[in-house]
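K.L.:
Sequence and predicted structure, then a few things I'm wondering about:
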Amino acid sequence: MRIGPLFTAAVIAAFVYLAVFERDRLREIAGIDTAPRAEDTTGPAPAGGTAREAEPVPVLVRRSAAADVPQGILLRGETQAVRKVQVKAETQGKVISERRLKGARVKTGEVLCRLDPGTRPALLKEAEARLKEAGTALRNTRALHEKGIASDTQLIAAEARFETAQAAVERVRKDIERLEIRAPFRGRLESDTAELGALLMPGMPCATIVRIDPIRLVGFVPEVDVDRLKEGAEATATLSTGETITGRVSYVALTADPLTRTFRVEVEVPNPDDRIREGLTAEIFIRTAAARGHLLPRAALTLDDEGRLGVRIVTEDDTARFVPVTVLRDTPEGVWLAGLPERATVIVIGQEYVTDGQKVVPHDAREAFEAALGPEAMKALAGLGAATDDGGIATRAPAGETSR
């Protein structure tokens, strides 16, 4: 259970009570003269004036300056190998190479399985002899054709026999090349290679190779956020193992999944020692363009008559004014809000009791807290939260809790 937010809520409730029912006591704490003014005792308010104008409302404020707020999109995904293939036999033969165990590293072009050539060398010699015979017959037919003895049909038939013999030689040579099943890329064996003595037929697996350097993070982004992502954007991911890794967006899909209406996003992360495994759950945070915002307590938020979310600020002439805001991020220290000026004096307690144009008496929230609670209470509050430089109190999350 969080103690910090409960304690802060209690303090805020106490100050609201003071502002409404114990206003004079609050003015005494703030050091404001509570004696009646001459114009208040000599007669009614001037024509056109109101009691509200004659008596400004005391409020607690925080003086805030805008800062850059990192923006991003949070996705859930998993790690995937950048390349993975099951290497299969393309010809028939018995395995004559020793089995290699899964986990072994392999290089591009390295032999994984070697098959028994059988009668293929003899078939190659036969095919080469037939090619030689066909070549000699073709030369003789051409000579006779030039003298007018052989017809065009005989010449064409001789050329066809030569091409057929040549194709037979190439077919046997290619079949012999396929006796050695090689790795198409560098990586690691995900399975043992075929056992010595096993008979492989075309299409049967020799081994499975996986490459996880770099590792690929795959997630899906909603259609409302896809335009915020760009290839090359920085991304940070927290794996199910607790490890945090960083990489860059390598791919954003151009078409959506027809069922979920989400777009596939891929992030590549260097993995030189293969420590990151495939299939781990990942929480991916992809950074987008930063925004300017103010860090303020959640209690400062209010609604206007139209239902818009915003805060009330104090203008230079000490009047209250409502400003609509947009929530950028929610954190344990407060909420980041956009829509305010670079520097603003924000009412953090009392904003519900003033309207636009009403005169107020702004008091620094931190000074009021210290005066009301005393040194001992402030020490206790400091143990649960962090006092900010601009006069506010921001609660911290208990150890081990984070916010996105």
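P.N.:
Perfect, thanks for sending it.

K.L.:
Can you get me a residue count around the closest residue to L229 other than its chain neighbours?
P.N.:
Nearest residue to L229 in three dimensions, chain neighbours excluded: V252, at 5.2 Å (C-beta to C-beta, 6 or more residues apart in numbering). From N, CA and C alone the C-beta is placed, and that goes for glycine too. Neighbours of V252 under the rule other C-beta atoms under 10 Å: 17.

K.L.:
Could you measure from V252 over to R287?
P.N.:
14 Å (C-beta to C-beta, to the nearest Å).

K.L.:
just S240 next, same as before
P.N.:
The gap separating S240 from R287 is 22 Å, by C-beta to C-beta.

K.L.:
For the stretch 301-404 of the chain, which segments count as helices?
P.N.:
Counting by DSSP state H, counting those that start in this stretch, the stretch 301-404 of the chain has helices at residues 365-384.

K.L.:
Where does pLDDT dip in it?
P.N.:
For the stretch 301-404 of the chain, the stretches with pLDDT under 70 are 368-404.

K.L.:
ditto for the stretch 1-150 of the chain
P.N.:
Short version for the stretch 1-150 of the chain, where the test is pLDDT under 70: 1-54.

K.L.:
Go ahead and confirm the residue nearest to L229 touches I286.
P.N.:
No: look at V252 against I286 with C-beta atoms under 8 Å: they stay out of range, at 9.8 Å.

K.L.:
can you list the domains in the protein?
P.N.:
4-68+293-395, 72-81+208-290, 90-115+180-203, 117-178 (automatic domain parsing).

K.L.:
ends of the last one, how far apart?
P.N.:
Same thing as domain 117-178. Taking C-alpha to C-alpha, to the nearest Å, domain 117-178 runs 10 Å from one end to the other.

K.L.:
for the third one, same thing?
P.N.:
Start to finish, the residues bounding domain 90-115+180-203 are 6 Å apart (C-alpha to C-alpha).

K.L.:
And for stretch 251-258?
P.N.:
19 Å.

K.L.:
Can you show me the helices along the stretch 1-150 of the chain?
P.N.:
Counting by DSSP H, counting those that start in this stretch, the helices of the stretch 1-150 of the chain are 4-21, 23-30, 38-41, 51-54, 120-146.

K.L.:
What is the subsequent helix or strand relative to the longest one?
P.N.:
By that I understand helix 120-146. helix 152-177 (DSSP states H and E).

K.L.:
same for that following helix, what does it pack against?
P.N.:
helix 120-146 (3 or more C-beta pairs under 8 Å, 6 or more residues apart in numbering; DSSP states H and E).

K.L.:
Okay, angle between the helix it packs on and helix 152-177 too, please.
P.N.:
For helix 120-146 against helix 152-177, the angle by axes from the mean of the first three to the mean of the last three C-alpha atoms, to 10 degrees is 160 degrees.

K.L.:
List the buried residues for helix 120-146?
P.N.:
120, 123-124, 127-128, 130-131, 134, 137-138, 141, 145 (16 or more other C-beta atoms under 10 Å).

K.L.:
Could you do stretch 259-274 as well?
P.N.:
Applying 16+ other C-beta under 10 Å to stretch 259-274 flags 262-269, 271 as buried.

K.L.:
Kindly report the same for stretch 70-87.
P.N.:
71-73, 75, 77-82, 85, 87.

K.L.:
What pairs with the strand ranked longest in the chain, parallel or antiparallel?
P.N.:
Counting residues, the longest strand in the chain under DSSP state E turns out to be strand 67-88. Strands that pair with strand 67-88, judged by DSSP bridges, come out as strand 205-222 (antiparallel), strand 281-296 (antiparallel).

K.L.:
deepest of those, which one?
P.N.:
Of all these, strand 205-222 has the most neighbours on average by mean count of other C-beta atoms under 10 Å, namely a mean of 20.

K.L.:
what helices or strands is the helix or strand just after that strand leaning on?
P.N.:
Once strand 205-222 ends, the next helix or strand along the chain (criterion: DSSP H and E) is strand 234-239. When contacts are defined as 3+ C-beta pairs under 8 Å, 6+ apart, strand 234-239 packs onto strand 244-252, strand 262-269, strand 281-296.

K.L.:
now the last one against strand 262-269, angle please.
P.N.:
When the same axes, to 10 degrees is applied, the directions of strand 281-296 and strand 262-269 differ by 100 degrees.

K.L.:
For the nearest residue to T260 once chain neighbours are set aside, list the residues it contacts.
P.N.:
Using C-beta to C-beta, 6+ apart and skipping the chain neighbours, the partner closest in space to T260 is F220 (6.8 Å). Contacts for F220 (C-beta atoms under 8 Å, 6 or more residues apart in numbering) come out as 75, 77, 257, 260, 262-265.

K.L.:
Would you mind listing the buried residues in stretch 98-112?
P.N.:
For stretch 98-112, by 16+ other C-beta under 10 Å, it's 100, 106, 112.

K.L.:
what do you get for stretch 328-335?
P.N.:
Those would be 328-329, 331-335, for stretch 328-335 by 16+ other C-beta under 10 Å.

K.L.:
Taking the buried residues of helix 120-146 together, which two end up most distant?
P.N.:
Pairwise distances across the buried residues of helix 120-146 (C-beta to C-beta) peak at 36.3 Å, for the pair R120 and H145.

K.L.:
hmm, back to that, which strand residues bridge the residue nearest to L229?
P.N.:
V265.

K.L.:
quick thing: my sequence starts at 58, can you match it?
P.N.:
Got it, the first residue is 58 from now on, which makes the last one we talked about V309.

K.L.:
who's in contact with it?
P.N.:
Taking C-beta under 8 Å, 6+ apart as the contact definition, V309 lies against 278, 283, 286-288, 320-323.

K.L.:
got it, and L117?
P.N.:
72, 404-407, 419-422, 425.
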